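**Student:** Using only what follows, build the 3D model:
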Amino acid sequence: MPHMKHALTLCGAIALAALVPAVATATLGETDASIQADQTQMKAGLKVIQHANFRLHEMQLPSGTVLRQYATPDGLVFAVTWSGPTMPDLRQTLGRYFDSYVAGAKANGAKHRQLQIHSADLIVHAGGRMRSFTGVAYLAKSMPAGVTLQDLR
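**Tutor:** Purely as a prediction, here's the structure:
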């Protein structure tokens, strides 16, 4: 039954992410213009780190979860990562890609602690258990030249 418990944990996390009230964050595939306002609204710490090919906006949410948003030099959010005790609001974070995420999770059965979705537009690797969630979602076609999956920590 431990396997079933993990399946229920991941399914529950996906369902919870769908129901969490929207909190504004920079959205995958959109511009990073809202990040500064988000930091104030969410009372989150914000650190911006400039890399050669992208800007990393790292937010420490009040829950303890760290949400990282990766933007191209012209401001397109091409990837988001999260790690911490709670899931971020994936409906808001993934934006127009949220439905693809949910469909991919259902298609994979979400039976394991790890979820992998590979579609034409969206790639997601997520997993964890209660109080320890991690994930990365990115748009492979929008990644700047020279940026690799290893750069998305």
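**Student:** residue boundaries of the helices in the chain?
**Tutor:** Residue ranges of the helices in the chain, as given by DSSP state H, are 2-19, 35-41, 90-94, 98-107.
**Student:** ok, now how distant is residue 67 from residue 29?
**Tutor:** According to C-beta to C-beta, to the nearest Å, residue 67 and residue 29 sit 16 Å apart. The way it works is simple: take the backbone N, C-alpha and C, and place the C-beta from them, glycine included.
**Student:** Which of these two has more residues huddled nearby?
**Tutor:** For residue 67 versus residue 29, neighbours defined as other C-beta atoms under 10 Å are more numerous around residue 67 (24 against 16).
**Student:** What is the neighbour count of residue 129?
**Tutor:** Residue 129 is surrounded by 12 other residues when neighbours are defined as other C-beta under 10 Å.
**Student:** same check, this time on residue 146
**Tutor:** A total of 10 residues lie near residue 146 under the criterion other C-beta under 10 Å.
**Student:** Residue 149 and residue 123: what is the separation?
**Tutor:** 9 Å.
**Student:** between those two, who's got more neighbours?
**Tutor:** Per other C-beta under 10 Å, whichever of residue 149 and residue 123 has more neighbours is residue 123, with 18 against 13.
**Student:** residues contacting the more buried one?
**Tutor:** 117, 137, 138, 139, 140 (C-beta atoms under 8 Å, 6 or more residues apart in numbering).
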